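Trainee: what's the 3D shape of this:
(chains A and B)
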Amino acid sequence: SQQGEEDPQALSIQEGENATMNCSYKTSINNLQWYRQNSGRGLVHLILIRSNEREKHSGRLRVTLDTSKKSSSLLITASRAADTASYFCATDPDSWGKLQFGAGTQVVVTP
Amino acid sequence: DGGITQSPKYLFRKEGQNVTLSCEQNLNHDAMYWYRQDPGQGLRLIYYSQIVNDFQKGDIAEGYSVSREKKESFPLTVTSAQKNPTAFYLCASSGRQGAGYGYTFGSGTRLTVV
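Mentor: Modelled structure (predicted):
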């Protein structure tokens, strides 16, 4: 079963613009993670935010978490063509580290 | 460099055949996982292993089998009982539970039934 659901399913922007995608989940979590997948490749871990954190930054990435609404957002600032990829949120619902992934947001950044 | 190696990159299976996908890691991670990815459906957990000689079923284990005889290796066998095996298979590993390191993924194996 999929815990997280990303919105929108697809996003097309121009270089330099910001990209925002959202993730909603159903049950309580230990942490929420975001991953990037380039076409036909494995996933790459971007950032992890714990259930007691509200915001986290890593380079051009900003993640927020609202546990009362069971939602998270990923903001990519000043996007580049190299940011073109699918982005997945994943939730860790218990202490076993068994992540559950959403269906992803496909982001296309055009020069 | 440490990482996860999946092989082969592409695999073709005939009807009624069992095939085994390889996953090897040199990260000294305790936990390993197998996911299946279908277009538009995200990743679904097949099997996972927290420690050597132990593994658990995930959400879609039917038609699959695994073994964990060594810490470094977690091979996945797609049996003839799996009726729709065509998919992209991803192996991942992680460190101590709750340590917040996230998963490290391999580059995947694309399996096609011919």
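Trainee: how far away is the spatially closest residue to residue A:60 that is not a sequence neighbour from residue B:35?
Mentor: Leaving aside its sequence neighbours, residue A:60 sits nearest to residue A:77 (C-beta to C-beta, 6 or more residues apart in numbering or on different chains; 4.8 Å). C-beta coordinates here come from the backbone N, C-alpha and C atoms, glycine included. For residue A:77, the distance to residue B:35 (C-beta to C-beta, to the nearest Å) stands at 29 Å.
Trainee: so where's the chain uncertain?
Mentor: Chain wasn't specified; assuming chain A. The model of chain A has pLDDT under 70 over residues A:1-3, A:95-97.
Trainee: could you do chain B instead?
Mentor: Flagging of chain B using pLDDT under 70 yields the residue ranges B:1, B:96-100.
Trainee: what residues does it put near chain A?
Mentor: Among all residues of chain B, those adjacent to chain A (criterion: C-beta under 8 Å from any C-beta of the partner chain) are B:4, B:6, B:31, B:33, B:35, B:40-45, B:48, B:50, B:58-59, B:88, B:90, B:92, B:94, B:97-98, B:100-108, B:110.
Trainee: Looking at residue A:77 and residue B:35, which is more packed in?
Mentor: Of the pair residue A:77 and residue B:35, residue B:35 is the one with more neighbours under other C-beta atoms under 10 Å in any protein chain shown, namely 27 against 14.
Trainee: pretty sure that one is in a strand, no?
Mentor: Yes - Residue B:35 sits within a strand when classified using DSSP: H, G, I helix; E, B strand; the rest coil.
Trainee: ok, the nearest residue to it once chain neighbours are set aside - contacts?
Mentor: Leaving out its chain neighbours, the residue that sits closest to residue B:35 by C-beta to C-beta, 6+ apart is residue B:43, at 4.2 Å. Shown here is residue B:43, whose contacts under the criterion C-beta atoms under 8 Å, 6 or more residues apart in numbering or on different chains are A:43, A:88, A:101, B:35, B:36, B:37, B:90.
Trainee: Residue B:43 and residue B:103: what is the separation?
Mentor: With the distance defined as C-beta to C-beta, residue B:43 ends up 10 Å from residue B:103.
Trainee: Repeat that for residue A:73.
Mentor: Taking C-beta to C-beta as the measure, residue A:73 falls 21 Å from residue B:103.
Trainee: Residues in contact with stretch B:54-67: which ones?
Mentor: A:1, A:98, B:33-34, B:36, B:44-50, B:68, B:74-79, B:81-83, B:85.
Trainee: For ChimeraX, write a command that selects the buried ones of those residues.
Mentor: Here is the ChimeraX selection string for the buried members of the contacts of stretch B:54-67, based on 16 or more other C-beta atoms under 10 Å in any protein chain shown:
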select /A:98 /B:33,34,36,44,45,46,47,48,49,50,68,74,75,76,78,82,85
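Trainee: What about the contacts of stretch B:54-67, which are in strands?
Mentor: Among the contacts of stretch B:54-67, the members falling in strands are B:33-34, B:36, B:44-50, B:76-78 (criterion: DSSP state E).
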